[in-house]
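# Return a 3D structure for these sequence lines:
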Amino acid sequence: MNKSVVAALAGLLLSAGVYAQSVMPVMELSAGFHRIEAEVAVNDRNRQLGLMNRRTMPVQHGMLFVFPENNTQCMWMRNTLLPLSVAFLNEEGRIINIEDMQPQTDDNHCAKTPARYALEMNLGWFAQRGIKPGMKLGGIDKAPRGQQ
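Residues are numbered from 1 along each chain as shown. Got it, this is the predicted structure:
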């Protein structure tokens, strides 16, 4: 395929709002018997970008934020167009708390105790599947280490 065809296809996919960002790796997680395809944000740049400027996200997709250390992590929705729910997780992948977040707001949504991970999914994803604090996500042990 020549470069102009590749560029045209890439532009078409982006303009169609297709959920894809090749800059972040994707890993599989599970919540009970529910499969999750999570993009993994392991460094400051990717964690800051997060899901900003996206208009849609498939139901089984999300983003896993991996932090370099346990801390009271907080999330906001600046430049994020999708309503999301975020689950804060401890080092073992156990859900600490889940917060619902509205688009394009600067409200802080924080872990109730020190967290190593945060998993963002479409708004209501966790509640619709009966996934609650105390439950453990499968596959978190395969997540890369968080970087600065």
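# Please name the nearest non-neighbouring residue to residue 109.
Spatial nearest neighbour of residue 109, excluding adjacent residues (C-beta to C-beta, 6 or more residues apart in numbering): residue 99 at 4.0 Å. No exception for glycine: its C-beta is placed from N, CA and C like everyone else's.
# In this structure, where's the longest strand?
If you go by DSSP state E, the chain has its longest strand at strand 61-71.
# So what does the closest residue to residue 65 other than its chain neighbours have for phi and psi?
By the measure of C-beta to C-beta, 6+ apart, the closest residue to residue 65 outside its immediate chain neighbours is residue 118, 4.3 Å from it. Dihedral pair for residue 118: phi -140, psi 130, per degrees, to the nearest 10.
# measure residue 118 to residue 67 for me?
In this view, residue 118 and residue 67 are 8 Å apart by C-beta to C-beta, to the nearest Å.
# Compare these two (neighbour count), which wins?
Neighbour tally, residue 118 and residue 67, criterion other C-beta atoms under 10 Å: the higher count belongs to residue 118, 25 against 21.
# I'd say the more buried one and residue 75 touch.
Yes: the criterion here is C-beta atoms under 8 Å, and residue 118 meets it with residue 75 at 5.9 Å.
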